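Participant: Requesting a structural model of the entry that follows:
(one chain, ligands or ions: 1)
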Amino acid sequence: MKIVGPFLFILALGAALVAFFWRDTFEPESLSGARVLVTGASDGIGEQMAYHYARFGAELVLTARREAVLQKVTEKCLKLGAKKAVYFPADMASPQEPEKLVQFALQSLGGLDYVVLNHIGWSPFEMWGGDVNHTRWLMEVNFLSYVAIASAALPTLIERKGAIIVVSSLAGRLATPFTTSYSATKFALEGFFGSLRQELNMQKKDVSVTLCVLGLIDTESALTKVRGVTTMTAAPASEAALAIVKGGATRAMEIFYPWSTWWLCQIRDWFPYQRDWVIRKFYNYTSA
Ligand SMILES: NC(=O)c1ccc[n+]([C@@H]2O[C@H](COP(=O)([O-])OP(=O)(O)OC[C@H]3O[C@@H](n4cnc5c(N)ncnc54)[C@H](OP(=O)(O)O)[C@@H]3O)[C@@H](O)[C@H]2O)c1
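Facilitator: Residues are numbered from 1 along each chain as shown. As a prediction, this is how the structure comes out:
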């Protein structure tokens with residue numbers, strides 16, 4: 001009976017600390033007039049992020065490959081309240097495009113406050129089949145172009161005390177089946193941008209780097225791939241997009257969406273064999 005009091009006290013203190021550190025400090029006004037570049041903005045989470053930024057009154061440069069789709073997304077952003085919205089069609093498999101994209105953004109907006117790196121090239125959701133050329137191409141699209149865009153944008157971000165937002169994945173923290181090359185590109189992003197964050201901090205350059213760890217999200221491209229292969233449930237893209245936008249605006253080091261991804265990352269290294277066994281249970285696969 002004597003331990004009930006202290007136990008309740010510790011529980012209440014823990015709850016208060018969790019409520020304090022996880023409270024929503026996002027101020028929507030902070031994004032009004034902010035100059036934002038969003039990649040992979042023609043579809044999925046990138047498109048939803050563009051709409052959120054538009055509702056908050058940001059100025060936008062949107063990019064992806066399909067010009068006609070980008071044009072529609074841009075028009076919708078203007079209707080939703082974006083102060084300005086322009087688009088730049090580009091294929092990030094081409095090493096020249098990142099520099100051109102940033103130059104276009106600087107000419108259009110006069111500077112950048114947020115660089116949101118989100119696009120991904122197509123990758124299969126299946127056993128590794130040995131296609132090294134695809135892995136090389138995917139590294140260019142999913143990783144090297146992120147590095148090139150961030151590098152070209154760094155001077156303006158330093159000047160404006162801006163933010164780099166990198167959309168990563170649970171597959172960039174945990175080894176999951178059927179995602180070999182994709183996973184490699186996401187682990188690479190985590191390493192590069194985690195290290196860059198440290199260096200910016202050491203140089204007292206006030207540019208935040210937010211790494212976004214997402215679980216399965218209900219975008220068309222993701223659902224088409226995993227249907228019938230995994231029993232995992234998908235979280236809504238619009239909510240994922242809002243969590244990313246808020247995380248960038250509050251200069252969070254990391255965001256996790258849905259919350260279950262946070263727990264998985266915390267316990268990742270505790271029981272490796274059991275962890276991998278549990279992960280495999282989410283996949284419908286029988287070996288021949
Ligand atoms: N959906 C999920 O379950 C999930 C889970 C974890 C993490 N994520 C991360 O969330 C981000 C967005 O995923 P998503 O599901 O929204 O993807 P998505 O719906 O497939 O959209 C991908 C975007 O990238 C663009 N894109 C594709 N290839 C490109 C290229 N070569 N050059 C330039 N742009 C290109 C696409 O537009 P165009 O075709 O017009 O080029 C599109 O706008 C990614 O970083 C992904 O890794 C997603």
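Participant: how about the residues of the stretch 1-150 of the chain that lie near the ligand?
Facilitator: 40-46, 64-66, 69, 91-93, 118-121, 141 (C-beta under 6 Å from any ligand atom). In short, each C-beta sits where N, CA and C put it, glycine included.
Participant: Buried residues in the host helix or strand of Q107, which are they?
Facilitator: In this structure, Q107 is located in helix 97-109 according to DSSP states H and E. For helix 97-109, the buried set under the neighbour-count rule, 16 or more other C-beta atoms under 10 Å, comprises 97-98, 101-102, 104-106, 108-109.
Participant: out of those residues, which one sits closest to T25?
Facilitator: Distances from T25 to the buried residues of helix 97-109, taken as C-beta to C-beta, are shortest for L109 (25.8 Å).
Participant: re earlier: partners of the next helix-or-strand element following the helix holding Q107 in the sheet?
Facilitator: Downstream of helix 97-109, the next assigned helix or strand under DSSP H and E is strand 114-117. With DSSP bridges as the test, strand 114-117 is paired with strand 35-39 (parallel), strand 163-169 (parallel).
Participant: what's strand 114-117 in contact with?
Facilitator: Strand 114-117 is contacted from outside by 34-39, 46, 49, 53, 58, 146, 149-150, 153, 157, 162-167, 244, 248, using C-beta atoms under 8 Å, 6 or more residues apart in numbering.
Participant: ok, back up a step: please pick the buried ones from the residues of the stretch 1-150 of the chain next to the ligand.
Facilitator: 40-46, 64-65, 69, 92, 118-121, 141.
Participant: Which members of these are positioned in helices?
Facilitator: 44-46, 69 (DSSP state H).
Participant: one step back: want to throw the buried residues of helix 97-109 into CSV with pLDDT?
Facilitator: Conversion of the buried residues of helix 97-109 to CSV gives the following (pLDDT from 0 to 100):
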residue, pLDDT
E97, 98
P98, 98
L101, 98
V102, 98
F104, 98
A105, 98
L106, 98
S108, 98
L109, 98
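Participant: So what's the gap between the worst-scoring helix or strand of the chain on mean pLDDT and the chain middle?
Facilitator: The helix or strand of the chain with the poorest confidence is helix 4-21; it has a mean of 81 (mean pLDDT, DSSP states H and E). Averaging C-alpha positions (C-alpha atoms, centre = their mean, to the nearest Å) puts helix 4-21 32 Å from its chain's average.
Participant: Alright, that wraps it up for me.
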